[in-house]
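Colleague: Predicted structure and sequence below. I'll ask about it afterward.
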Amino acid sequence: MKNDDQMYQSVLSRYAEYQETKKKRRKLAIKRTVPVLACFCLTVALGVGYWDHFRNLPHIPVQPNIIEEPTVETPETTTTASTDANTTVSSKTPSEPASTTAPTSNSETERMTTTAGIQTVTTIATDETEIPVGTDMTEMPTTESVIKQTETQTSATTSFVYHVETEWGYVPPLGFHTQSEMIDAIHNDDVLVNNDGGGFNGNLGDYETAKKAYLDMYARFRDEGFYLQAASTDDVTVRDDVNLYLFPFTPYEDAGIGRSTIFRETGFFVVFYRADPDLTAYTTDIADYLRLRKECGTDRIIQIQDQTISIYRGTDGQLHAAAFADADHYYEVRTMATEEELTEFLSHLSYERINL
């Protein structure tokens, strides 16, 4: 079980670890971005190359010359065209093929002119001797080719990289002696509280920058109108004799509230965070969310009742467990206990909603 001094030292150690890992995270972001840009440039280069190649090919549409000729043709000409296209047409009079093929040829010419820049007509045609003269050979093959080409480009150039840009970097949490003191500070934008969790007690060099982070944190709680916290039960005790903490929204951490709890004489620190709505749409589970939001991996996934829980060892040396409480919130448990003790605690953990 940690006292206030140990908790404060833990906060300071997290700040030091944040500075050490910040460079690594930037390198990871660069490594993720460079391949995407390279694939995009390669796609553009290939597209320009194909465009120049196909643009120099002979122009295919030659049907307008046939259409503009008089409808009365010699039987030999009509018979030849009909024989090449379909033998069933040769029994008709010369004027019928002309009047029948003219509208079809006009529409075909328009489509071929429209899709000439794509140049997929000649590459997807089947045996020409089996297709009638008036049959449209360009519509479906061209559409399928365009769809495939678009899908290939999208998969090559689309790679979701999440990074939060704020006016501040790491800002330590604010500590409060009581819950009522914390609620008053949220409503009154009180960032000058005399607390033991950091804040403006000489621990920060940039007063105005940190002030923006705390005011932003208060606004997030007020906009939601409530917060979640661990609930005291017969097995779990929420400690009222130590500080509770508010965590501001930073590049690698969401806004949340943390409290110390006791389960079978073992301490567990539980933080309930508001999930970033700009990120939840791109994630499938808690492990995916943690990977993109905090850039931390998951050692294993466990299932307790209907909750999927991510277990991992944090940079602070503690064992962490995280899971979604609902669609908009997730919790994170930190402890020095064993994984078996942590799993047992999670099976007894419950939480409550507190209105502001």
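Modeller: That came through fine.
Colleague: and the helix or strand hosting Asp216, which residues are buried?
Modeller: If you go by DSSP states H and E, Asp216 is part of helix 207-224. Using 16 or more other CB atoms under 10 Å as the burial criterion, the residues of helix 207-224 that qualify are 210-214, 216-218, 220-221. The C-beta positions use only the backbone N, C-alpha and C, and glycine is treated the same way.
Colleague: Just send these back as TSV, with distance to Phe263 and pLDDT too.
Modeller: Shown next, in TSV, are the buried residues of helix 207-224 (distance: CB to CB, whole Å; pLDDT from 0 to 100):
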residue	distance to Phe263	pLDDT
Ala210	34	86
Lys211	36	89
Lys212	37	91
Ala213	32	93
Tyr214	31	94
Asp216	33	96
Met217	28	96
Tyr218	31	97
Arg220	29	96
Phe221	27	97
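Colleague: For those residues, name the two members farthest from one another.
Modeller: Greatest spatial distance among the buried residues of helix 207-224 (CB to CB): Ala210 and Phe221, at 17.1 Å.
Colleague: now the strands for the protein?
Modeller: Ranges of strands within the chain are 174-176, 226-230, 236-238, 244-247, 256-263, 266-274, 300-304, 307-313, 319-324, 329-335, 351-355, based on DSSP state E.
Colleague: Pairing partners for the longest one, with directions?
Modeller: With DSSP bridges as the criterion, the sheet partners recorded for strand 266-274 are strand 256-263 (antiparallel), strand 329-335 (antiparallel).
Colleague: ok, now the second one?
Modeller: Within its sheet, and counting by DSSP bridges, strand 226-230 is paired with strand 351-355 (antiparallel).
Colleague: Just the residues contacting the helix holding Asp216, thanks.
Modeller: The contact list for helix 207-224 (CB atoms under 8 Å, 6 or more residues apart in numbering) reads 166-168, 171, 174, 185-187, 189, 191, 199-200, 204, 227, 246-250, 255, 274, 356.
Colleague: Give me the subset of these that lies in helices.
Modeller: Judged by DSSP state H, those include 185-187 as members of helices.
Colleague: Report the buried members of those.
Modeller: Members of those classed as buried by 16+ other CB under 10 Å are 185-186.
Colleague: Could you dump the ones in helices among the contacts of helix 207-224 into JSON lines and include distance to Thr308?
Modeller: Below are the ones in helices among the contacts of helix 207-224 laid out as JSON lines (distance: CB to CB, whole Å):
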{"residue": "Ala185", "distance to Thr308": "34"}
{"residue": "Ile186", "distance to Thr308": "31"}
{"residue": "His187", "distance to Thr308": "35"}
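Colleague: looking at this structure, which helix or strand is least sure?
Modeller: helix 139-157 (a mean of 39; mean pLDDT, DSSP states H and E).
Colleague: In the stretch 151-300 of the chain, where is pLDDT below threshold?
Modeller: Applying pLDDT under 70 to the stretch 151-300 of the chain flags the ranges 151-159, 193-205.
Colleague: Could you list everything Phe263 pairs with in the sheet?
Modeller: Using DSSP bridges, the bridge partners assigned to Phe263 are Val236, Thr266.
Colleague: is it true that it touches Val236?
Modeller: Yes - the criterion here is CB atoms under 8 Å, and Phe263 meets it with Val236 at 5.2 Å.
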